[in-house]
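*Asks:* dropping a prediction and its sequence here:
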Amino acid sequence: MKFYAVIDTNVLVSYLLTRRNDSSVALVMELVKEGTIIPLLHAEIIKEYQEVLNRDKLKIDPTSILDAMNTITSMGLFCDRKETTESFPDPDDIVFYEVSLSVEESYLITGNLKHFPKNGHVVSPAEMLQIIHLAESKGNTVCEPPMEYVSEKKRQIIEKGWQAIEKIRLCAEQNGLSDMPLESINQIIREYRAERKKQI
């Protein structure tokens, strides 16, 4: 079973900064590597990824950035944008949302749910893991569903994800972040976007 999703920049930044292999952002990226989550991509999204991840304030190892970008681009699917009439606090978020609309039943995974329209396809990393967990268990909502048809690696990822979800259900959108607060990550993204606009 495959799930198509746009991965917001703050999720990718959080993944590269976190030290927890069992965090929701790390588990989401494991499912990308495995091919369960197919990233939906666009040239503008790739450009933002590359430029934000390489910002000095984040101090992310260049090798880690290269590995993450290779994973995203090799496993991803480039798509057109599907125009929306929704309004956004930050217009630069529109491309992420419009690309997520280009594939039926896809998702947008973000650490900032409040920046996007409230609907079922905009989810936090932890919520994405829950969706996959429920789908893999054929709708069974217990914590340990029968999953004999799931690969051992995927079983471990899903079970770890479910455990993380149970622990942070009340603050799912912040689950798995590094020591750098989500707002700090988003401030760096906002600064990048403001600088980019000055250059246009």
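*Replies:* Received it, and whenever you're ready, just let me know what you need.

*Asks:* off-centre distance for the one helix or strand E191 maps to?
*Replies:* Element membership for E191 (DSSP states H and E) is helix 182-199. Distance, stretch centre to chain centre, for helix 182-199: 18 Å (Cα atoms, centre = their mean, to the nearest Å).

*Asks:* helices or strands up against it?
*Replies:* Helices and strands touching helix 182-199, by 3 or more Cβ pairs under 8 Å, 6 or more residues apart in numbering; DSSP states H and E, are helix 9-17, helix 43-53. All C-beta spots, glycine's among them, are computed from the backbone N, C-alpha and C.

*Asks:* want to try JSON lines for those helices, with distance to A26, mean pLDDT and mean neighbour count as columns?
*Replies:* Output for the helices and strands packed on helix 182-199, formatted as JSON lines (distance: least, Cβ to Cβ, whole Å; pLDDT from 0 to 100; neighbours: other Cβ atoms under 10 Å):
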{"stretch": "helix 9-17", "distance to A26": "6", "mean pLDDT": "95", "mean neighbour count": "24"}
{"stretch": "helix 43-53", "distance to A26": "16", "mean pLDDT": "95", "mean neighbour count": "17"}
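
*Asks:* so for T85, which of the ones you listed sits nearest?
*Replies:* Of all the helices and strands packed on helix 182-199, helix 43-53 sits nearest to T85, with 19.3 Å by Cβ to Cβ.

*Asks:* give me the angle between the closest one and helix 9-17.
*Replies:* 40 degrees (axes from the mean of the first three to the mean of the last three Cα atoms, to 10 degrees).

*Asks:* adding distance to E183, write the helices and strands packed on helix 182-199 out as JSON lines.
*Replies:* Below are the helices and strands packed on helix 182-199 laid out as JSON lines (distance: least, Cβ to Cβ, whole Å):
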{"stretch": "helix 9-17", "distance to E183": "10"}
{"stretch": "helix 43-53", "distance to E183": "15"}
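
*Asks:* of all these, which one is nearest R81?
*Replies:* Nearest to R81, of the helices and strands packed on helix 182-199 and by Cβ to Cβ, is helix 43-53 at 8.6 Å.

*Asks:* how far out from the middle of the chain is the closest one?
*Replies:* 14 Å.

*Asks:* could you say what helices and strands that helix packs with?
*Replies:* Counting by 3+ Cβ pairs under 8 Å, 6+ apart, helix 43-53 packs on helix 9-17, helix 62-75, helix 94-100, helix 182-199.

*Asks:* highest mean neighbour count out of these?
*Replies:* helix 9-17 (a mean of 24; mean count of other Cβ atoms under 10 Å).

*Asks:* neighbouring contacts of that one?
*Replies:* The contact list for helix 9-17 (Cβ atoms under 8 Å, 6 or more residues apart in numbering) reads 23, 25-26, 28-29, 45, 48-49, 52-53, 58, 60, 64-65, 68, 72, 96, 109-112, 125, 176-180, 182, 185-186, 188-189.
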